[in-house]
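Trainee: next input, structure requested:
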Amino acid sequence: MDVNLFDFDLPEELIAQTPLLARTGSRLLALNKRTGEIGHCRFEDMADFLRPGDLLVLNDTKVIPARLYGHKADTGAKAELLLLKSLGEDRWEALAKPGKRLKKDAVLHFGQEENGEPPLTAVIEDEGEMGARIVRFHYKGIFNEILDRLGEMPLPPYIKEQLEDRDRYQTVYARHEGSAAAPTAGLHFTKEFLGRLQQQGVRIATVTLHVGLGTFRPVSADTVESHAMHAEYYELPEETAAAINAAKAAGGRVVAVGTTSARTLETAARRFRKEGQDSIRFEACSGWTDIFIYPGIPVLAVDALLTNFHLPKSTLVMLVSAIAGREFVMEAYRQAVEERYRFFSFGDAMFIY
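Mentor: Prediction:
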């Protein structure tokens with residue numbers, strides 16, 4: 001399948017640079033995948049699309065201040081790391097700039113104490129693709145506290161404005177630290193709106209997927225099938241597995257909030273699917289997933305999806321197209337551009353049901 005089938009023209013001025021004052025103030029493009037109807041709504045209209053017995057699945061990952069600015073210990077040249085994935089024992093996978101100059105055994109310093117010493121030092125242990133490096137950190141104290149003091153929120157490169165409030169790049173239900181980017185579909189929710197949904201009979205469950213290089217990596221292949229995803233860590237807890245089983249058994253819909261939740265659910269579905277059986281019984285699970293869903297790949301767990309608007313030719317547009325159909329999604333994107341919807345992380349939302 002040609003990657004260009006997922007391309008579209010996007011005026012740069014439609015890329016949202018700052019979040020709206022109110023989280024629930026966004027617009028909502030509603031796609032009925034059964035009838036082909038496209039509706040132009042407000043985000044709070046989500047309440048009208050959800051039914052008692054539906055299960056809303058949220059990704060409760062928490063973005064860490066993963067962007068570090070420092071310098072090379074030997075030359076003083078500026079250097080930057082974007083932490084992507086913890087490998088344990090103070091080792092991380094990270095994107096490095098300038099990648100060509102940060103070779104194996106390079107030493108980087110971040111910050112400066114009153115005595116002139118850096119509170120955080122990184123040694124590059126290995127080189128990977130796309131500027132990725134394996135680094136080991138050295139420090140005194142608690143790493144997360146040092147990172148919170150020295151690091152910056154890792155906003156995507158298409159956002160040029162400074163973020164005044166760090167919390168606006170976190171969901172209100174963020175819990176487990178580890179992401180290099182926010183699961184942005186969840187940024188639209190407030191605790192009050194979630195409570196309103198629960199009052200009308202919608203159940204809520206959580207999964208965790210720590211967003212890493214898979215989100216940043218573009219599709220460089222000519223064909224969709226040739227692209228390989230980067231593995232990201234996920235967890236599906238026991239109570240969520242039970243909630244999915246109960247919802248499916250009672251005829252409710254599993255509604256994924258964001259493509260990261262969808263990828264976690266589809267990973268688990270493939271793990272527990274038994275040949276010859278129509279239904280899937282979910283269990284608690286965790287691990288690494290490099291699942292890539294595009295048209296032609298069956299969607300096994302997700303009945304409906306809330307998502308933001310994504311980059312042209314991205315794996316996320318392909319996933320959305322697998323759920324709603326490529327032509328339908330491309331028409332929806334055409335209308336979104338025509339109607340001046342706001343795109344990407346701080347942009348408006350789409351609901352496929």
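Trainee: from now on I want contacts and neighbour counts done on CA atoms only, so please keep to that.
Mentor: Noted.
Trainee: Val255 and Ile323 touch, don't they?
Mentor: No - the pair Val255 / Ile323 is not scored as a contact, 11.9 Å apart, by CA atoms under 8 Å.
Trainee: what segments of the stretch 251-353 of the chain are strands?
Mentor: Assigned by DSSP state E, counting those that start in this stretch, the stretch 251-353 of the chain shows strands spanning 254-257, 285-289, 304-308, 349-352.
Trainee: wait, which of those is closest to Leu31?
Mentor: Closest approach to Leu31 among these (CA to CA): strand 349-352, 4.7 Å.
Trainee: could you list every helix and strand in contact with that closest one?
Mentor: Counting contacts by 3 or more CA pairs under 8 Å, 6 or more residues apart in numbering; DSSP states H and E, strand 349-352 packs against strand 27-31, strand 304-308.
Trainee: pLDDT of the last one, averaged?
Mentor: Taken as a whole, strand 304-308 has an average pLDDT of 98.
Trainee: could you dump stretch 324-342 to CSV, C-alpha only?
Mentor: Provided in CSV are the C-alpha atoms of stretch 324-342 (Å, rounded to 0.1, in the frame of the first residue of the first chain):
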residue,chain,number,x,y,z
ALA,A,324,-13.0,4.0,10.0
GLY,A,325,-11.8,3.3,6.4
ARG,A,326,-9.2,5.3,4.5
GLU,A,327,-11.5,7.1,2.1
PHE,A,328,-13.8,8.1,5.0
VAL,A,329,-10.9,9.4,7.1
MET,A,330,-9.4,11.3,4.2
GLU,A,331,-12.7,13.0,3.5
ALA,A,332,-13.0,13.9,7.2
TYR,A,333,-9.6,15.4,7.2
ARG,A,334,-10.5,17.4,4.0
GLN,A,335,-13.5,18.8,5.8
ALA,A,336,-11.4,19.5,9.0
VAL,A,337,-9.0,21.6,6.9
GLU,A,338,-11.9,23.3,5.1
GLU,A,339,-13.6,24.1,8.4
ARG,A,340,-10.4,25.3,10.0
TYR,A,341,-10.1,22.8,12.8
ARG,A,342,-7.0,23.0,14.9
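Trainee: check which residues of that stretch are buried.
Mentor: 324-326, 328-330, 332-333, 336-337, 341-342 (16 or more other CA atoms under 10 Å).
Trainee: need those in a markdown table with distance to Asp165, can you?
Mentor: Shown next, in a markdown table, are these (distance: CA to CA, whole Å):
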| residue | distance to Asp165 |
| --- | --- |
| Ala324 | 35 |
| Gly325 | 37 |
| Arg326 | 36 |
| Phe328 | 36 |
| Val329 | 33 |
| Met330 | 34 |
| Ala332 | 32 |
| Tyr333 | 30 |
| Ala336 | 28 |
| Val337 | 28 |
| Tyr341 | 23 |
| Arg342 | 20 |
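Trainee: of these, which is the nearest to Ala77?
Mentor: Checking the buried residues of stretch 324-342 against Ala77 by CA to CA gives Arg342 as the nearest, at 37.6 Å.
Trainee: tell me the spacing between that closest one and Glu13.
Mentor: 9 Å (CA to CA, to the nearest Å).
Trainee: distance of His210 from Thr260?
Mentor: Shown here: His210 relative to Thr260, a distance of 8 Å by CA to CA.
Trainee: then Pro237?
Mentor: Per CA to CA, Pro237 is found 15 Å from Thr260.
Trainee: look at these two and report which has more neighbours.
Mentor: Thr260 (27 against 16; other CA atoms under 10 Å).
Trainee: after the helix or strand bottoming out on mean pLDDT in the chain comes which helix or strand?
Mentor: Every helix and strand in the chain was compared by mean pLDDT, DSSP states H and E; the lowest is helix 213-216, with a mean of 63. Counting by DSSP states H and E, the next helix or strand C-terminal to helix 213-216 is strand 232-236.
Trainee: what residues does that next one touch?
Mentor: 85, 206-214, 264, 268, 283-290 (CA atoms under 8 Å, 6 or more residues apart in numbering).
Trainee: show me which of those residues are buried.
Mentor: Among these, those scoring as buried are 85, 206-214, 264, 268, 283, 286, 289 (criterion: 16+ other CA under 10 Å).
Trainee: for those residues, work out which two are farthest apart.
Mentor: Spatial extent of the buried ones among the contacts of strand 232-236 (CA to CA) is set by the pair Leu213 and Glu283 at 26.9 Å.
Trainee: returning to what we had before: and Lys100, which of the strands of the stretch 251-353 of the chain is closest to it?
Mentor: The nearest among the strands of the stretch 251-353 of the chain, by CA to CA, is strand 285-289 at 28.7 Å.
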